[in-house]
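Participant: Sequence and predicted model, in that order:
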Amino acid sequence: MPIVIDRVPDGVLLATDAGTTERVASAEFAGAVARREAARDDPPRWVWSDTAQWYPELLRAGVRVERCHDLRLVDAILAGVDGRPPEPALRRTVAPVTPTAPPGPTLFELVAPERHEPARAAVALHAEQSAALARDRGAGSPSARDLALLAAAESAGALAAVEMQHAGLPYSAVAHDALLTEALGARPVTPEARPARLDQLAKQVEALLGAAPGTLALDSPLELVAALRRAGIPADSTRAGELRQHDHPAIAPLLHYKQLSRLLAANGWAWLDEWVHDGRFRPSFVPGAVVTGRWGSDGGGALQLPKQIRGAVRADPGWVLVVADAAQLEPRILAALSNDSAMARAGAGVDLYAGMVGSGAVDSREQAKLGMLGAMYGGTTGQSARVLPRLQRAFPHAIRFVEEAARAGERGESVRTRLGRTSPLPGEAWRERQLLAAAEGASEAQRREARSAARSWGRFTRNFVVQGTAAEWALSWMAGVRRRLWSPDQGPLTEQPHLVFFLHDELMVHAPRDRAAEVEHALRAAAADAGRLLFGASPVSFPVTVAVVERYGEAK
DNA sequence: AAGCCTAGCGCC
DNA sequence: AGGGCGCTAGGCTT
């Protein structure tokens, strides 16, 4: 649903081509918009179907959008709250536009001027959504204020995602290549050939397992397990964790092979060729991809950039990377959600886990971390389960909160994040199973399976409230950082401090060195803002660690 | 050839 | 019997 801009009575700018039959070239359009934007004191909020669809082209034309309302993303949230399917008109029919793609059809050519239905639908949807965001849904439902905040944060995230793709993460292909060469040997002439170091390790493993050179497909788990067994290693799988349990001379080189093979397959030269150009890594980010509200990615693997290669992420000369990480975000979120004052006190410093040790609740930082992760994920075994009783005594409100979220899921109910994002309900098969198991004459096996499925859904809802609220905090943080860095008068986005990376609880800003302190302040201040936005006067703090570095690998 | 699944491992 | 993802390779089905 493309774009003409118009004022609507509440001061919102609406993206619609209703009433306009003129064909306008997009550059011309963008220029007109830019002038109009610059003349305003009160920044407009653009309303459009899909930020990822429309914003890249505007950015390329030099137009930055400060605020928007993403109909598709907001509708998905509201649909979840109201338990209805998402609006079909907002289904994505065209792939999102690559920020660096050569200009395709202009915005106006994408919809013939004689067909205004999509635009009219956009107007109607926006009216509906505005009403829905303001509607009181009764006790226990998210407030209009919270949903509006969530809509704004989600939409701001969508803008930031496009801007990050547009700017790209500064990345040294030379450094990456050097790193690969150091680990694997020189780049083979053909992509199928095994680099020297990898080949050497493969032959070593074959020899140690008693196989002839070139006869063992190390990348095939089935073949490898068989070969291990033939060599007297009682392996059930080829997972690194299991292999380490076995004592055999072939294990060490095999683990090394697997590590290098992984590096080559996931982030080797092919990856470099595909994703790094002109000194920038431009992965895709997908806001709202995960039901909890976390972002996803669909190309480039932005959210899985291995620590091993982060040294290749390098600021431009004279610039720095300001890398900020929200310290122990999820347990802090839980402390705030549950109003657990003991946990809030433990989190008064920068290290919540150390604070838990200091309060005497647990013996070690490692124990604190494992225990909290287990509590938030629903772990029932190992060390995390052993620590749980102590956590329960020390932080009863926090533990009760996640337990109640788990029980709700086990009953087949939905749960909500702080701002109201609602978990999906289990499917029909799940319900059927629970009913059958509860009926008279159900077999022991049926009851056991139903119980297991219920527990599993409970682990999902248990985690949903924490992971989802953490995602809301992170979106609010990002939106705040973006707002604080915003200055449309100072030229293009990439000539001033700008966001380049986001990783669930971590933000990175690429900035001229002499502006690093200002950026650091923005990152810290926005984090404090985010805490207040979500939790008001809660005593829980949300400290961020900030590193000003030239290479991402130096942070942390 | 394309699509789907699993194994395994990378990130949080 | 620990939550959420994406990606690759192998291996199967269509």
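Facilitator: Here it is on my side, so go on. Fair warning: this is a prediction, and the values are worked out from it, not measured in the lab. Numbering: from 1, shown residues only, chains lettered A, B, ... in the order given.
Participant: which strands and helices sit next to whichever strand or helix holds A:W54?
Facilitator: For A:W54, the host element (DSSP states H and E) is helix A:51-60. Counting contacts by 3 or more C-beta pairs under 8 Å, 6 or more residues apart in numbering; DSSP states H and E, helix A:51-60 is packed against helix A:26-38, strand A:67-70, helix A:144-167. The C-beta positions use only the backbone N, C-alpha and C, and glycine is treated the same way.
Participant: which element follows the longest one toward the C-terminus?
Facilitator: The first helix or strand that comes after helix A:144-167 along the chain, using DSSP H and E, is strand A:169-170.
Participant: That next one vs DNA strand C: in contact?
Facilitator: No. With C-beta under 7 Å from any atom of the strand as the criterion, DNA strand C is not reached by strand A:169-170; the gap is at least 14.6 Å.
Participant: Packing partners of that strand?
Facilitator: Taking 3+ C-beta pairs under 8 Å, 6+ apart as the contact cut, strand A:169-170 packs with strand A:280-281, strand A:498-502, strand A:506-512.
Participant: which element follows the first one toward the C-terminus?
Facilitator: Using DSSP H and E, the helix or strand that follows strand A:280-281 in sequence is strand A:319-326.
Participant: What is the helix or strand following that next one packed up against?
Facilitator: Downstream of strand A:319-326, the next assigned helix or strand under DSSP H and E is helix A:329-337. When contacts are defined as 3+ C-beta pairs under 8 Å, 6+ apart, helix A:329-337 sits against helix A:341-346, helix A:352-358, helix A:365-377, helix A:396-410, helix A:444-485, helix A:516-535.
Participant: export these to CSV and tack on distance to DNA strand C?
Facilitator: Shown next, in CSV, are the helices and strands packed on helix A:329-337 (distance: least, C-beta to the nearest atom of the strand, whole Å):
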stretch, distance to DNA strand C
helix A:341-346, 18
helix A:352-358, 14
helix A:365-377, 4
helix A:396-410, 10
helix A:444-485, 3
helix A:516-535, 19
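Participant: Which one of those lies nearest to A:L264?
Facilitator: Comparison of these against A:L264 by C-beta to C-beta identifies helix A:365-377 as nearest, at 30.8 Å.
Participant: wait, does whichever helix or strand comes after that closest one contact DNA strand C?
Facilitator: Sequence-wise, the next helix or strand downstream of helix A:365-377 (DSSP H and E) is helix A:382-394. Yes. Counting by C-beta under 7 Å from any atom of the strand, DNA strand C has neighbours in helix A:382-394: A:382, A:384.
Participant: how about helix A:382-394, does it get close to DNA strand B?
Facilitator: No. Using C-beta under 7 Å from any atom of the strand, helix A:382-394 never reaches DNA strand B; the gap is at least 13.9 Å.
Participant: Of the helices and strands packed on helix A:51-60, which shows the lowest average pLDDT?
Facilitator: Looking over these, mean pLDDT reaches its minimum on helix A:26-38, with a mean of 56.
Participant: quick one on the thing from earlier: and of the helices and strands packed on helix A:329-337, who's closest to A:W54?
Facilitator: Closest approach to A:W54 among the helices and strands packed on helix A:329-337 is made by helix A:444-485 (17.9 Å; C-beta to C-beta).
Participant: returning to what we had before: let me have the helices and strands packed on helix A:329-337 in a markdown table, extended by distance to A:D236, mean pLDDT and mean neighbour count.
Facilitator: Compiled in a markdown table, the helices and strands packed on helix A:329-337 are given as follows (distance: least, C-beta to C-beta, whole Å; pLDDT from 0 to 100; neighbours: other C-beta atoms under 10 Å):
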| stretch | distance to A:D236 | mean pLDDT | mean neighbour count |
| --- | --- | --- | --- |
| helix A:341-346 | 40 | 96 | 21 |
| helix A:352-358 | 34 | 95 | 21 |
| helix A:365-377 | 24 | 93 | 21 |
| helix A:396-410 | 30 | 96 | 20 |
| helix A:444-485 | 22 | 94 | 21 |
| helix A:516-535 | 45 | 97 | 19 |
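Participant: and of the ones you listed, who's closest to A:Q328?
Facilitator: Between those, helix A:352-358 lies closest to A:Q328; by C-beta to C-beta that is 4.2 Å.
Participant: Contact partners for A:A152?
Facilitator: A:67, A:69, A:479 (C-beta atoms under 8 Å, 6 or more residues apart in numbering).
Participant: What about the first one, how many residues nearby?
Facilitator: When you say that, I think you mean A:R67. Residues near A:R67, counting by other C-beta atoms under 10 Å, number 18.
Participant: partner residues bridging it?
Facilitator: Following DSSP bridges, A:R67 is listed with bridge partners A:R45.
Participant: Looks like it contacts A:W46 (just checking).
Facilitator: Yes. The pair A:R67 / A:W46 is scored as a contact, 7.1 Å apart, by C-beta atoms under 8 Å.
Participant: What strand or helix carries A:D219?
Facilitator: A:D219 belongs to no helix or strand, assigned by DSSP H and E.
Participant: do the same with A:L224
Facilitator: Applying DSSP H and E, one finds A:L224 within helix A:221-230.
Participant: Can you show me the CA trace of that helix as PDB?
Facilitator: Output in PDB follows, covering the C-alpha atoms of helix A:221-230 (Å, rounded to 0.1, in the frame of the first residue of the first chain):
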ATOM      1  CA  PRO A 221      26.400 -38.100  11.200                       C
ATOM      2  CA  LEU A 222      25.100 -41.500  10.300                       C
ATOM      3  CA  GLU A 223      28.400 -42.600   8.700                       C
ATOM      4  CA  LEU A 224      30.500 -41.000  11.400                       C
ATOM      5  CA  VAL A 225      28.600 -42.800  14.200                       C
ATOM      6  CA  ALA A 226      29.100 -46.100  12.400                       C
ATOM      7  CA  ALA A 227      32.800 -45.400  12.000                       C
ATOM      8  CA  LEU A 228      33.200 -44.400  15.600                       C
ATOM      9  CA  ARG A 229      31.500 -47.600  16.700                       C
ATOM     10  CA  ARG A 230      33.700 -49.700  14.400                       C
END
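Participant: circling back: same question for the helix holding A:W54, mean pLDDT?
Facilitator: Mean predicted lDDT for helix A:51-60 stands at 82.
Participant: ok, now stretch A:499-510?
Facilitator: 95.
Participant: ok but A:V546 is inside a helix, no?
Facilitator: No. The assignment for A:V546 (DSSP: H, G, I helix; E, B strand; the rest coil) gives strand, which keeps it out of a helix.
Participant: re earlier: do you know which of the helices and strands packed on helix A:329-337 lies nearest A:A327?
Facilitator: With C-beta to C-beta as the measure, helix A:352-358 is the member of these nearest A:A327 (6.9 Å).
Participant: quick one: contacts for A:A385?
Facilitator: A:374, A:379.
Participant: related to what we said a few turns ago, now tabulate the helices and strands packed on helix A:329-337 in TSV and tack on distance to A:S384.
Facilitator: Formatted as TSV, the helices and strands packed on helix A:329-337 follow (distance: least, C-beta to C-beta, whole Å):
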stretch	distance to A:S384
helix A:341-346	17
helix A:352-358	13
helix A:365-377	3
helix A:396-410	12
helix A:444-485	13
helix A:516-535	26
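Participant: what's the closest of these to DNA strand B?
Facilitator: Judged by C-beta to the nearest atom of the strand, the one of the helices and strands packed on helix A:329-337 that comes nearest to DNA strand B is helix A:444-485, at 7.4 Å.
Participant: near DNA strand B, which residues of chain A?
Facilitator: Counting by C-beta under 7 Å from any atom of the strand, chain A sits next to DNA strand B at A:221, A:225, A:237-241, A:258-259, A:262, A:266, A:303-308, A:503-506.
Participant: And these, which of them are buried?
Facilitator: By neighbour count, with 16 or more other C-beta atoms under 10 Å, these hold A:238, A:258, A:303, A:305, A:504-506 as buried.
Participant: ok, and which of those residues reach DNA strand C?
Facilitator: A:303, A:504.
Participant: how close does A:L180 sit to DNA strand C?
Facilitator: Distance of A:L180 to DNA strand C, computed by C-beta to the nearest atom of the strand, to the nearest Å: 14 Å.
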